[in-house]
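Trainee: Quick one, fold the following:
(4 chains)
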Number of protein chains: 2
Amino acid sequence: MTRQAILDEAVRMARYSGLSGLTIGSLAAAADMSKSGLYAHFKSKEALQLACMERNGEQFIDEVIRPALAKPRGITRLQAIVEYWMQWYSHPGGCLFLAAAAEFDDLPGPLHDFMASEQRELLESLARIASTAVAQGEFPEDTDVFQVAQEVFGILLSYNWMSRILSYPDAADRAWTAFNRLLDSLQS
Amino acid sequence: MTRQAILDEAVRMARYSGLSGLTIGSLAAAADMSKSGLYAHFKSKEALQLACMERNGEQFIDEVIRPALAKPRGITRLQAIVEYWMQWYSHPGGCLFLAAAAEFDDLPGPLHDFMASEQRELLESLARIASTAVAQGEFPEDTDVFQVAQEVFGILLSYNWMSRILSYPDAADRAWTAFNRLLDSLQS
DNA sequence: GAGTTTCCAGCACGATCGTGCTATTTTTAG
DNA sequence: CTAAAAATAGCACGATCGTGCTGGAAACTC
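Mentor: Purely as a prediction, here's the structure:
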């Protein structure tokens, strides 16, 4: 399917320029197509942007969520998703979720809504995995799994900033230190 | 000074649209000026964008750094900067540092470089304040203050996401829970 | 108050934006 | 092999982009 190939290229470009910075012209050039030929696959630019976010979400599931779910439930799985997530952040151009969040956080519209719903899913995936650790008795019964999710997400975001923008070589080590601190605190 | 008023408006707009989404035309309309009249104050759009980042940095110093430095050294000051920083994130349109970081993280050029240098300063401010807590004996001698800075920054980033994008009402409480967990872990 | 400098509007430019319409080519179906 | 359908290219449109030049208004200097 040509449409899929176009979308993959579009996602790749949007990681650099953002979804607003993505233009039909440059995308067509990168895909070796005419502007109108490419445009015909999508009814509007907004639809293209939405499709990009959707495709990016599928890739995230393939590269982060599914591999993590293949690991045994509990802390092991939580550790795994953090690891895959950190690898995800090293994609050339950066993370499209974060770019979209920064672009549409205060601009109402369908793009904002879809971005927010995806972001909500990400956090709930973290919370769900944390709850398997509760079910296994690795975390206390009364653990606030959304608290865990928010903190893990913070560790990931901060890692992304430190390594991607500031190029701190210790960013990954420090992220794991923070993660282990969280685990210790929950288990004591 | 007209230039200052233009810049304030430009920063306000860029918080919504990002620095790339900022256009001379709409900025001129918002400032009740002609495009060319406004443009004359800056030699190029890139210079305007740089000036915006500079102005945004000044505002951050006014609203976050300086008030925090007015508090007594140590944990009190660290707590204060987190509090002011969280308030900073509630600016309409969001945080321009984060927007700029997402826009320019993988695009080389002067904008990237200035963004990175500002981001580095932010992190070093956190580390510096953490080190006053070490000097006061509130944190152990061998504390890695950049570890503390990275973790505090993660708490702040995550709070921003939860509250701004997902509108979770408990985001602030959970951020403070995470912060206190970090303090406990450092002091034990 | 005259002269000089700074500020700003008007206007125009080439480029590129998103978006349609119309053929023409390519693929699919019968 | 032919007919219907889908994919793609060519082209044009109005709008807006960043950027300059040129002239007049405003402010400041002596």
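
Trainee: For DNA strand C, give me its nearest residue in chain A.
Mentor: Of all residues in chain A, A:Gly25 sits closest to DNA strand C, at 2.7 Å by Cβ to the nearest atom of the strand. Any C-beta I mention is one placed from the backbone N, CA and C, and that applies to glycine too.

Trainee: hey, where'd the helices end up in chain A?
Mentor: Under the criterion DSSP state H, chain A contains helices at A:2-21, A:24-30, A:35-39, A:45-60, A:66-69, A:75-88, A:96-104, A:110-135, A:145-160, A:171-187.

Trainee: Out of those helices, the one nearest B:Ala102 is which?
Mentor: Among the helices of chain A, the nearest to B:Ala102 by Cβ to Cβ is helix A:96-104 (3.8 Å).

Trainee: Touching the closest one from outside, list them.
Mentor: With Cβ atoms under 8 Å, 6 or more residues apart in numbering or on different chains as the test, helix A:96-104 has contacts from A:11, A:14-15, A:18-20, A:52-53, A:56, A:60, A:111-112, A:115, A:118-119, A:122, A:157, A:160, B:18, B:21, B:94, B:98-99, B:101-103, B:161, B:165.

Trainee: got it, and stretch A:105-120?
Mentor: Stretch A:105-120 is touched from outside by A:19, A:46, A:49-50, A:53-54, A:57, A:97, A:100-101, A:103-104, B:15-17, B:92-94, B:161, B:164-166, with contacts defined as Cβ under 8 Å, 6+ apart.

Trainee: From those, list just the buried residues.
Mentor: Neighbour-count burial (16 or more other Cβ atoms under 10 Å in any protein chain shown) is assigned, among those, to A:19, A:49-50, A:53, A:57, A:97, A:100-101, A:103-104, B:15-17, B:93-94, B:161, B:164-166.

Trainee: Contact residues of chain A facing DNA strand D?
Mentor: Residues of chain A that fall close to DNA strand D, judged by Cβ under 7 Å from any atom of the strand: A:Thr2, A:Asp32, A:Met33, A:Ser34, A:Lys35, A:Ser36, A:Gly37, A:Leu38, A:Ala40, A:His41.

Trainee: Nearest residue to the third one in space, ignoring adjacent ones along the chain?
Mentor: Read it as A:Met33. Counting by Cβ to Cβ, 6 or more residues apart in numbering or on different chains, A:Met33 lies nearest to A:Ile6, which is 7.7 Å off, once chain neighbours are set aside.

Trainee: surely that neighbour meets A:Ala31?
Mentor: Yes: between A:Ile6 and A:Ala31 there is a contact at 5.3 Å, judged by Cβ atoms under 8 Å.

Trainee: Comparing the two, which residue is more hemmed in?
Mentor: A side-by-side neighbour count of A:Ile6 and A:Ala31, using other Cβ atoms under 10 Å in any protein chain shown, places A:Ile6 first with 23 against 18.

Trainee: Identify the contacts common to A:Ile6 and A:Ala31.
Mentor: Common neighbours of A:Ile6 and A:Ala31, counting by Cβ under 8 Å, 6+ apart, are A:Leu38.

Trainee: Determine if any part of stretch A:88-95 is in contact with chain B.
Mentor: Yes: residues of stretch A:88-95 contacting chain B under Cβ under 8 Å from any Cβ of the partner chain: A:Pro92, A:Gly93, A:Gly94.

Trainee: Spit out the contact partners of the last one.
Mentor: In this structure, A:Gly94 makes contact with A:Arg15, A:Tyr16, A:Asn160, A:Arg164, B:Ala102, B:Asp105, B:Asp106, judged by Cβ under 8 Å, 6+ apart.

Trainee: quick one: pLDDT of the second one?
Mentor: At A:Tyr16 the predicted local confidence, pLDDT, stands at 97.

Trainee: Can you tell me the closest non-neighbouring residue to it?
Mentor: Excluding its sequence neighbours, the residue lying closest to A:Tyr16 (Cβ to Cβ, 6+ apart) is A:Gly93, at 4.1 Å.

Trainee: show me where pLDDT drops low in chain A?
Mentor: Applying pLDDT under 70 to chain A flags no residue at all.

Trainee: So for it, which residue is the most central one in space?
Mentor: A:Phe97 (5.0 Å; Cα atoms, centre = their mean).

Trainee: Quickly note the distance from it to B:Ser185.
Mentor: Going from A:Phe97 to B:Ser185 by Cβ to Cβ, to the nearest Å gives 29 Å.

Trainee: and if you look at A:Arg181?
Mentor: A:Arg181 sits 5 Å away from B:Ser185, going by Cβ to Cβ.

Trainee: Quick check, A:Ala171 in contact with B:Phe153.
Mentor: No: A:Ala171 lies out of contact with B:Phe153 (Cβ under 8 Å); the separation is 10.9 Å.

Trainee: got any residues that touch both of the two?
Mentor: Shared contacts of A:Ala171 and B:Phe153, counting by Cβ under 8 Å, 6+ apart, come down to A:Met162.

Trainee: Restricted to buried residues, select the contacts of helix A:96-104 in ChimeraX.
Mentor: Here is the ChimeraX selection string for the buried members of the contacts of helix A:96-104, based on 16+ other Cβ under 10 Å:
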select /A:11,14,15,18,19,20,52,53,56,60,111,112,115,118,119,122,157,160 /B:18,21,94,98,99,101,102,103,161,165
